[in-house]
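Novice: I would like to see how this sequence folds:
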Amino acid sequence: MKDFVLYGATGDLAVKKIIPALFELWNSKRLSQILRIYLVSRRDWNSDDFLRFLLDKSPVLVSEERFKDFYSSLCEYVQADADEPVHFCEFAQKLSKATIFFWSVSPDLYEGLIHKFSIPQFAHVFSNPDTKVLVEKPFGHSVETAERLEQLFESLITKDQLYRIDHYLAKAQAIELEKITASSVFKEFAALHPIASITVSLFESKGIDDRGGFYDRVGALKDVGQNHALMLGSTAVGAISRNTLLSSLIPATPGKWVFGQYEGYHQEKGVHGESRTETFFDISAESRSSETGFEYISWRFIGGKAIVPEGVSVHMIFKNIPGVIHIRVQPKRSVLIDESIRTEMSKELQGMFDLLHAEDAGEDAYVRVIQEVFDENSSVFPSFDEIYSSWVFTDKVLVMRKENIVAPIVYRKGTDPATWGIVGK
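Specialist: Below you'll find the predicted structure:
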């Protein structure tokens, strides 16, 4: 039996994703190994206060008849202010030896938390190999900071105890796409029709909301490009390991890139008035491999805020054959294969791709993330080598952007990049 600690329980991610995921696992009888769920925040509340806050913030949970049963039987609110060492000492006494920690806080706080949890009172917890720590992206802000963060975590736990989350790798489409492109039938198809290009698009219709202080220091490329876009792209070439693909990516000429900033960005709370931080990116790259059918691939990674239509998708184009495979990851899963490509596929391969089509979004990615930690399956979590390689590529892009003075264009909120007249030229 283990305890589960959700640190940062009052944050949006915890309220909208993690707690509902824990409830779903409990409701489907997949939480039997958890002895107690501790919901940790710095606020001076008790468990009843937190429940009222939670139900006020999450209408979805209000509609779930059994949620209060889940909460009363498993959950306990704990105040643990990082500035109050006594809180951490008292909290340590509550925990059993094996504990799953989910740090649902800004990654900027990881270093401080590592020091806070390094006190002797937690030694019995973190020295147990069954204790796990889950952390969100971004893991660092560059190659250098990612390496430093990894070293700091190794002072607290072993590599096998750390699970770095990129929830796009836990999405059903990504998991199945990686299986398909690693299969022998797809390799046979690619040997005859090598992959020519892959485009990964991540568009959000909303702006940065109240994240200005964080977002203005990061920008769209670090926020979703270095992690979601690159990791999702790597699943489209399952015949090559994710790290092999990521480490082979070479940025193209900056003249082919577009960075954008939506109108009104400077007026967002927390944003510097002269900021050149991008809220949109369209960058191109190439990869090389000795794997037949994957030798030379041209890549485009596109993402941004205040863009329509909203959605996440992967486009694949092949040599020697016209047409496109369009795989939509969200909001609804679907796959569209041009007839010119479909007719060249075996029936088995057609069937594999057809299974990617579904009317719903599938099981929530955070349900799968937590389940995979229970199962000790690390395949849906990026390794440090993969994160390192993605930062090497991203750092190169940012250096090249600075050297070539690629200033952001200004675009209207709620517009389609295809209508701007410059994206993809």
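Novice: drop to CA atoms for contacts and neighbour counts, all remaining ones
Specialist: Noted.
Novice: contact partners of stretch 79-96?
Specialist: Contacts with stretch 79-96, where a contact means CA atoms under 8 Å, 6 or more residues apart in numbering, come from 2-3, 40-46, 78, 113, 116-117, 121-122, 125.
Novice: list the buried residues for the top helix by length along the chain?
Specialist: Longest helix of the chain, by residue count under DSSP state H: helix 384-403. For helix 384-403, burial by neighbour count (16 or more other CA atoms under 10 Å) applies to 384, 386-395, 397, 400-401.
Novice: dump those residues into TSV; add distance to residue 66 as well.
Specialist: Formatted as TSV, those follow (distance: CA to CA, whole Å):
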residue	distance to residue 66
384	39
386	40
387	39
388	43
389	44
390	42
391	43
392	47
393	46
394	45
395	47
397	49
400	54
401	52
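Novice: circling back to that earlier point, what comes into contact with the longest helix of the chain?
Specialist: 139, 141-143, 146-147, 150, 221-222, 226-227, 230, 242-243, 246-247, 249-251, 254.
Novice: how far away is the most centrally placed residue in the chain from residue 326?
Specialist: Nearest to the geometric centre of the chain sits residue 166, at 2.9 Å (CA atoms, centre = their mean). From residue 166 across to residue 326, the span is 22 Å (CA to CA, to the nearest Å).
Novice: residues contacting residue 287?
Specialist: Contacts of residue 287 by CA under 8 Å, 6+ apart are 245, 248, 249, 250, 295, 296, 297, 298, 299.
Novice: per-residue pLDDT, it?
Specialist: pLDDT for residue 287: 97.
Novice: that one - that's part of a helix, no?
Specialist: No. Counting by DSSP: H, G, I helix; E, B strand; the rest coil, residue 287 is located in no helix; its state is strand.
Novice: I figured residue 324 hits residue 317, correct?
Specialist: Yes. Counting by CA atoms under 8 Å, residue 324 touches residue 317, with 5.1 Å between them.
Novice: one step back: got the contact list for the residue nearest to the centre of the chain?
Specialist: 136, 137, 227, 228, 231, 380, 381, 382.
Novice: mind redoing it with 10 Å?
Specialist: 135-139, 224, 227-228, 231-232, 365-366, 369, 380-382 (CA atoms under 10 Å, 6 or more residues apart in numbering).
Novice: report the beta-bridge partner residues of the closest residue to residue 252 other than its chain neighbours.
Specialist: In space, and not counting its chain neighbours, residue 252 is closest to residue 285: 4.6 Å by CA to CA, 6 or more residues apart in numbering. Here residue 285 shows beta-bridge partners residue 251, residue 299, assigned using DSSP bridges.
Novice: could you measure from residue 285 over to residue 406?
Specialist: 16 Å.
Novice: the more surrounded of the two?
Specialist: Set side by side, residue 285 and residue 406 show more neighbours around residue 285, with 21 against 17, by other CA atoms under 10 Å.
Novice: ok, residue 44 - how many residues close by?
Specialist: 12.
Novice: what values do phi and psi take at it?
Specialist: phi -80, psi 80 (degrees, to the nearest 10).
Novice: point out where the protein drops to low pLDDT.
Specialist: Applying pLDDT under 70 to the chain flags residues 359-362, 422-425.
Novice: correct me if wrong: residue 307 contacts residue 281.
Specialist: No. Applying CA atoms under 10 Å as the test, residue 307 and residue 281 come out as separate, 11.4 Å apart.
Novice: overlap in contacts of these two?
Specialist: With CA under 10 Å, 6+ apart as the test, residue 307 and residue 281 both reach residue 202.
Novice: can you pick the most crowded of the contacts of residue 166?
Specialist: Neighbour-wise, the contacts of residue 166 (other CA under 10 Å) top out at residue 232, 29 neighbours.
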